[in-house]
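Asker: Let's see this in three dimensions:
(one chain, ligands or ions: 1)
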Amino acid sequence: MTESNSLLSRRRLLQSAGAVWLLSVSPAGIAASSHVVAVRIWPSSTYSRLTLESNVPLQYKQFALRDPERVVIDIENIHLNHVLKGVGSLVAAHDPFIKNARVGQFDQHTVRLVLELKQNVAARIFTLPPIAGIKDRLVLDLYPAQAPVEDDPLLALLEDYNQSDLALEQSQPREAPLPGKAGRDRPIVIMLDPGHGGEDSGAVGKNKTREKDIVLKIARRLKAMIDKQPNMRAYMTRNEDVFIPLKVRVAKARKQRADLFVSIHADAFTSRAARGSSVFALSTKGATSTAARFLAQTQNESDLIGGVSRSGDRYLDHTMFDMVQSLTINDSLKFGKEVLSRLGRINHLHKRTVDQAGFAVLKAPDIPSILVETAFISNLEEERKLRTSAFQHQVAESILAGIKAYFATGAAVASK
Ligand SMILES: [Zn+2]
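Answerer: Numbering: from 1, shown residues only. The predicted model follows:
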């Protein structure tokens, strides 16, 4: 993953041989102990992220300049290298925030990176430790500065998220499910959650298939199918290649007052022989199988990969939620069973019952939530299958059939 990204940067660098640099002199004599190994830019409609990956943690200073609006990062004790020089060619024309990027050796010990902006931004800079084959990172997130936080649900959620949790959680009005019987008096609201995104590729198959791309395709298909139903409406936690923290995914579902939450994955397992679809619900007590424990652990690492290191259990630590949560888990298990039995018609099943583990993304206390492992991307045959639109379509159909069957039982939503 890292390797292919830096290869990509190199290719882009070659394509941009005509780019103009501030200064491209590389003074001799700097101890080349720290260097940047990859530069990535993830533009999205909500925020743009610049990631500098390096062999050791970077020392930096960040500040803003006006007229024109710029964000400047001075990186200390570093040489300008070909990876850094490629940054200008990484800026996409459609990036809503970054107009262009330049880099130069500012003085003997400092590389200066200048981002010229398309609009006023709020910048957030932080470092991330190495994880999952990715080295140390310096991350700069650019958000729109002018929109008041409450106007943008994601920003507001991120803002909540960055502040402290429990007090905040209690002071916010609970988002009750919409009144009326879902599917009869009002549409059934389904929140689809394509796993991973942006910096977090998810699992990568032997033939370089990335989980984040496959699950986004499946979720888009499923959304289109759901929106064609007269009594259902689907939303997505992400519809782009962007990193969204796990708790923000949960918060988005609660904000939309979703009746169901479906997280879609295609993970890897330690053994390439592992295969088959599985469905998971939350467990508050512990994992019911080794695979569940392993997958929950790797899934929950998403936030470490993408940049949220706080680990507080915002919902589960709160005893008030316990009763609601156990009712919700019962509903999740019923829902999961319906989906699992349909998946069993299109693929081998990894396990014949709904598995349970402490997946952070399933922790909405009041929304039945499942995590669907569509297939193992680490299994060569299933990786091949996951790439086909036929299988993606079948998975989406199976989940939709499971949703319909769950609501057909009538029990779930009538009780709310
Ligand atoms: Zn996954």
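Asker: what about Ala292, helix or strand, and which?
Answerer: In this structure, Ala292 is located in helix 290-300 according to DSSP states H and E.
Asker: ok, and for that helix, which residues are buried?
Answerer: 291-296, 298-300 (16 or more other Cβ atoms under 10 Å). C-beta: built from backbone N, CA, C; applies to glycine.
Asker: nearest to Asp241, of those residues?
Answerer: Distance to Asp241 across the buried residues of helix 290-300 (Cβ to Cβ) is lowest for Gln299, with 18.2 Å.
Asker: The closest residue to that closest one other than its chain neighbours and Lys247, how far apart?
Answerer: Excluding the flanking residues, the one nearest Gln299 by Cβ to Cβ, 6 or more residues apart in numbering is Phe359, at 5.6 Å. Distance, Phe359 to Lys247, using Cβ to Cβ, to the nearest Å: 12 Å.
Asker: what do you get for Ala64?
Answerer: Counting by Cβ to Cβ, the gap from Ala64 to Lys247 is 29 Å.
Asker: Please apply the same query to Ile125.
Answerer: Distance from Ile125 to Lys247, by Cβ to Cβ: 21 Å.
Asker: between the two, which one's more packed in?
Answerer: Lys247 (24 against 15; other Cβ atoms under 10 Å).
Asker: Make sure I have this right: the more buried one is in a helix.
Answerer: Yes - membership of Lys247 in a helix is supported by DSSP: H, G, I helix; E, B strand; the rest coil.
Asker: Gly197 touches Asp241, doesn't it?
Answerer: Yes - under the criterion of Cβ atoms under 8 Å, Gly197 makes contact with Asp241 at 5.7 Å.
Asker: joint contacts of these two?
Answerer: 212, 216 (Cβ atoms under 8 Å, 6 or more residues apart in numbering).
Asker: In terms of neighbours, single out the busier of those two.
Answerer: Gly197 (26 against 18).
Asker: Next, that one: phi, psi?
Answerer: phi 120, psi 150 (degrees, to the nearest 10).
Asker: from here on, count from 22
Answerer: Yes, from this point I'll number from 22; that puts the last item at Gly218.
Asker: Contacts only, for it.
Answerer: Gly218 touches 233, 237, 259, 261-265, 327, counting by Cβ under 8 Å, 6+ apart.
Asker: residues from this protein in reach of the ion?
Answerer: With the criterion set to Cβ under 5 Å from the ion, the chain comes near the ion through 216, 223, 286, 288.
Asker: Most neighbours among those, please name it.
Answerer: Counting neighbours by other Cβ under 10 Å, the top entry in these is Gly216, with 30 neighbours.
Asker: which non-adjacent residue is nearest it?
Answerer: In space, Gly216 is closest to His286, 4.3 Å off (Cβ to Cβ, 6+ apart).
Asker: That neighbour against Val393, yeah?
Answerer: Yes - under the criterion of Cβ under 8 Å, His286 makes contact with Val393 at 6.7 Å.
Asker: re earlier: take the buried residues of helix 311-321 and write them to CSV, including pLDDT.
Answerer: Below are these laid out as CSV (pLDDT from 0 to 100):
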residue, pLDDT
Ala312, 84
Ala313, 87
Arg314, 87
Phe315, 87
Leu316, 87
Ala317, 87
Thr319, 85
Gln320, 84
Asn321, 84
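Asker: Helices of the stretch 122-271 of the chain, start to end?
Answerer: 174-183, 187-192, 232-249, 267-276 (DSSP state H, counting those that start in this stretch).
Asker: Specify the beta-bridge partners of the residue nearest to Gly216.
Answerer: Glu394 (DSSP bridges).
Asker: and it, what is it in contact with?
Answerer: 216-217, 223, 232, 236, 320, 392-395.
Asker: run the last query once more with 7 Å
Answerer: 216, 232, 236, 392-395 (Cβ atoms under 7 Å, 6 or more residues apart in numbering).
Asker: And for Ser323?
Answerer: 217, 221, 267.
Asker: any idea of the pLDDT on it?
Answerer: Looking at Ser323, its pLDDT is 85.
Asker: What of Met246?
Answerer: In this model, Met246 carries a pLDDT of 98.
Asker: from what I can see it touches Leu421, true?
Answerer: Yes - under the criterion of Cβ atoms under 7 Å, Met246 makes contact with Leu421 at 5.1 Å.
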